[in-house]
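Peer 1: Kindly return the folded structure for what I paste below:
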Amino acid sequence: MIIAFSVAPTITNNPEAEMAGAVAEAVRVVRESGLPNETNAMFTLIEGEWDEVMDVVKRATEAVQKVSPRVSLVLKADIRPGYTGRLKGKVEDLEKHLDSGDPTQ
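Peer 2: Residues are numbered from 1 along each chain as shown. From the prediction side, this is the model:
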């Protein structure tokens, strides 16, 4: 499965400094998990089995809770048992279609 999630504090004393620091700690949890992942301006994506991915999301959320008693978590999941390597593979498939100019290939 692939999870796209965003976790951030909703209450902080210094929103600019604490927001970035809290999110950095959440991303650190994801990167240290060893699971395939990537982070962009809006979400962090992580790929793995249900229990391991959800454990990482929980620990990332707990990292943000150290800064804020109230946390926002947005989560989207692509659940497809038996498939791996889709974090990169889905993008590669898209690029093939863009390169060919034929959306049906």
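
Peer 1: what are the ranges of the helices in this structure?
Peer 2: For the chain, the helices defined by DSSP state H cover 15-32, 50-65, 86-100.

Peer 1: in the last one, what counts as buried?
Peer 2: Using 16 or more other Cβ atoms under 10 Å as the burial criterion, the residues of helix 86-100 that qualify are R86, L87. All C-beta spots, glycine's among them, are computed from the backbone N, C-alpha and C.

Peer 1: circling back: and the helices of the chain as TSV, adding distance to R80 and mean pLDDT?
Peer 2: Below are these laid out as TSV (distance: least, Cβ to Cβ, whole Å; pLDDT from 0 to 100):
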stretch	distance to R80	mean pLDDT
helix 15-32	20	88
helix 50-65	11	97
helix 86-100	7	90
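
Peer 1: looking at the ones you listed, which is closest to A77?
Peer 2: Closest to A77 of the helices of the chain is helix 50-65 (Cβ to Cβ; 8.3 Å).

Peer 1: to the chain's geometric centre, what's the distance from that closest one?
Peer 2: 10 Å (Cα atoms, centre = their mean, to the nearest Å).

Peer 1: what angle separates that helix from helix 15-32?
Peer 2: Interaxial angle of helix 50-65 relative to helix 15-32 (axes from the mean of the first three to the mean of the last three Cα atoms, to 10 degrees): 150 degrees.

Peer 1: Return the list of helices and strands in contact with helix 50-65.
Peer 2: In this structure, helix 50-65 makes packing contacts with strand 2-9, helix 15-32, strand 44-47, strand 71-78, judged by 3 or more Cβ pairs under 8 Å, 6 or more residues apart in numbering; DSSP states H and E.

Peer 1: So which of those is the most surrounded?
Peer 2: Comparing those on average neighbours per residue, with mean count of other Cβ atoms under 10 Å, the densest one is strand 44-47 at a mean of 21.

Peer 1: Of all the helices and strands packed on helix 50-65, which one is nearest V57?
Peer 2: For V57, the closest of the helices and strands packed on helix 50-65 is strand 2-9, at 5.6 Å, according to Cβ to Cβ.

Peer 1: Next, format the helices and strands packed on helix 50-65 as CSV and append distance to A60.
Peer 2: Formatted as CSV, the helices and strands packed on helix 50-65 follow (distance: least, Cβ to Cβ, whole Å):
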stretch, distance to A60
strand 2-9, 6
helix 15-32, 4
strand 44-47, 8
strand 71-78, 9
